[in-house]
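Participant: Need coordinates for the below:
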Amino acid sequence: MTAEKIIIDASGCSLGRLASFAAKQTLSENEVIIFNAEKALISGKKEKIFKTRKKQYDAKSQVNPWRFGPKRPKNPDRFVRRVIRGMLPWTTTRGKKAFKRVMVYMGKPEKEIRKKHHIDISKSKLADVSSMKKHYDVFVTVGELCKFLGGTNGRS
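Facilitator: Just a heads-up that it's a prediction; the model follows:
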């Protein structure tokens, strides 16, 4: 089995579906490159999602809340990568190797991807993401959530 490089445009994709697809592909030894991470969608009411994540991010360590404690990603690319990590068997060697095959970018950094992965995004074929795109009446983008949590919402 030869390893492929799978390129995914995350704009308009459901975050959970995107993450599970990426996790399955990396476990089968394919390299996954995701761009436009800030445009991925999280379904649900904005207030509820913000409230739940804020409560989760405000959790502190009892020992020394400034030095220890859960360090959580606040930028969209790291946030999406962390969601993918949650769908991998992270504690095993296989899971760690699979996680190294995932790269997530904000925006569409063609020069960086060309330099690092030797791929021209404009000429290469993107993965079929039609099954990951659903019409949601109520949703929040990953960029909006990260902006609320104190990170960036992507490149301008």
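
Participant: Endpoints of stretch 97-111, how far apart?
Facilitator: End-to-end span of stretch 97-111 (Cα to Cα, to the nearest Å): 26 Å.

Participant: Mind listing what's buried along it?
Facilitator: Buried residues in stretch 97-111, counted by 16 or more other Cβ atoms under 10 Å: Ala98, Phe99, Arg101, Val102, Met103, Val104, Tyr105, Met106, Gly107. Where C-beta positions appear, they are placed from N, C-alpha and C, glycine not excepted.

Participant: now swap in stretch 82-97 and tell me
Facilitator: Per 16+ other Cβ under 10 Å, stretch 82-97 contains these buried residues: Val83, Ile84, Arg85, Met87, Leu88, Gly95.

Participant: Quickly name whichever of those residues is closest to Gly150.
Facilitator: Nearest to Gly150, judged by Cβ to Cβ, of the buried residues of stretch 82-97 is Val83 at 17.9 Å.

Participant: from what I can see the closest one touches Phe21, true?
Facilitator: No - here Val83 does not reach Phe21: they are 11.8 Å apart, not a contact under Cβ atoms under 8 Å.

Participant: Contacts made by stretch 87-94 with the rest, please.
Facilitator: With Cβ atoms under 8 Å, 6 or more residues apart in numbering as the test, stretch 87-94 has contacts from Ala19, Ser20, Ala22, Ala23, Thr26, Leu27, Gly95, Lys96, Ala98, Phe99.

Participant: In those residues, find the pair that's most separated.
Facilitator: Farthest-apart pair in the contacts of stretch 87-94 is Ser20 and Lys96; separation 18.4 Å (Cβ to Cβ).

Participant: taking the buried residues of stretch 82-97 as a set, which two sit the farthest apart in space?
Facilitator: Pairwise distances across these peak at 14.5 Å for Val83 and Gly95 (criterion: Cβ to Cβ).

Participant: Can you list the residue ranges for strands in the chain?
Facilitator: With strands called from DSSP state E, the chain shows them at 5-9, 31-35, 41-43, 102-104, 139-141.
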